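K.L.:
Show me the folded form of this:
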Amino acid sequence: MEQHDETSPIFCEKPSKTDHMIEQMEKIDKLDLSIISCLQKDGALSQRELADRVGLSQNACWRRLQRLNACGIIRGTRAEVSLVALGLDLTVFVMIRTSHHAKAWADGFRQHVERLPEVTEFYRIGGDWDYLIKVVCRGMAGYDRFYQKLITDFELSTVTGFFAMEAIIENRPPDLRMLEG
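P.N.:
Residues are numbered from 1 along each chain as shown. Now for the predicted structure:
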């Protein structure tokens, strides 16, 4: 196993040739959680600003960032955009129930939904429903256009839209202090 010093707390171990498990062991400490939390709040922080906020040297902070990226914990940064300012003023949570559960059908449906530009989130879920889709669009006419594209070529048992009247909490990153042991 590769050696790490005390400023590099994350280990991503690949299994040995004799190990049949395909798992990675990840160990994250409070400094790593602090780095992640800072970036969740402001992904545009410079390395110097980030290092100052978490109390590390710039080099130590950079090494941790590299490991967090290499392990797939940090997957990129994004700008927070006001969709309403762009005219996308309607958010709809679409619940879908289907009688089709074969892999080929599910794969085709997944590809179909992934191509719809109004979709911002898409989940296969358990319970009484099969799928949950979050859609943003321009008003009811925009939603109707989305709906017509959604149901084209796919037999869906039930499609129900829940229209958001107000976003109370939106895009809030999880409070990672819950991971501290």
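
K.L.:
Give me the domain ranges for the protein.
P.N.:
1-80, 84-163 (automatic domain parsing).

K.L.:
And those: which comes nearest Pro174?
P.N.:
Checking the domains of the chain against Pro174 by CB to CB gives domain 1-80 as the closest, at 8.2 Å. (Glycine included, C-beta is placed from N, CA and C.)

K.L.:
Out of the domains of the chain, flag the one nearest Ile169.
P.N.:
Of the domains of the chain, nearest to Ile169 by CB to CB is domain 84-163, at 12.9 Å.

K.L.:
average pLDDT for whichever strand or helix holds Leu150?
P.N.:
If you go by DSSP states H and E, Leu150 is part of helix 139-151. Helix 139-151 comes out with an average pLDDT of 98.

K.L.:
Quick check: phi and psi at Lys41.
P.N.:
Backbone torsions for Lys41, taken as degrees, to the nearest 10, come to phi -80, psi -30.

K.L.:
surely it meets Arg172?
P.N.:
No. The criterion here is CB atoms under 8 Å, and Lys41 misses it with Arg172 at 10.1 Å.

K.L.:
returning to what we had before: may I see the domains of the chain arranged in a markdown table, with mean neighbour count as well?
P.N.:
Formatted as a markdown table, the domains of the chain follow (neighbours: other CB atoms under 10 Å):
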| stretch | mean neighbour count |
| --- | --- |
| domain 1-80 | 14 |
| domain 84-163 | 14 |
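
K.L.:
re the thing from before, any idea how far the helix holding Leu150 is from the chain center?
P.N.:
Relative to its chain's centre, helix 139-151 lies at 24 Å (CA atoms, centre = their mean, to the nearest Å).

K.L.:
Which strands or helices does it pack on?
P.N.:
strand 90-97, strand 131-137, strand 158-163 (3 or more CB pairs under 8 Å, 6 or more residues apart in numbering; DSSP states H and E).

K.L.:
could those be laid out in TSV, adding distance to Ile36?
P.N.:
Listed next are the helices and strands packed on helix 139-151 as TSV, based on distance: least, CB to CB, whole Å:
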stretch	distance to Ile36
strand 90-97	27
strand 131-137	24
strand 158-163	31
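
K.L.:
and of those strands, who's closest to Phe122?
P.N.:
Closest to Phe122 of the helices and strands packed on helix 139-151, according to CB to CB: strand 131-137, at 5.2 Å.

K.L.:
Can you give the contact residues for the closest one?
P.N.:
83, 88, 90-96, 98, 109, 113, 118-125, 143, 145-146, 150, 161 (CB atoms under 8 Å, 6 or more residues apart in numbering).

K.L.:
Partner strands of it and their direction?
P.N.:
Partners of strand 131-137 in the sheet, by DSSP bridges, are strand 90-97 (antiparallel), strand 119-124 (antiparallel).

K.L.:
Helix 139-151 and the longest one, what's the angle between them?
P.N.:
Spelled out, it's strand 90-97. With axes from the mean of the first three to the mean of the last three CA atoms, to 10 degrees defining the directions, strand 90-97 sits at 30 degrees from helix 139-151.
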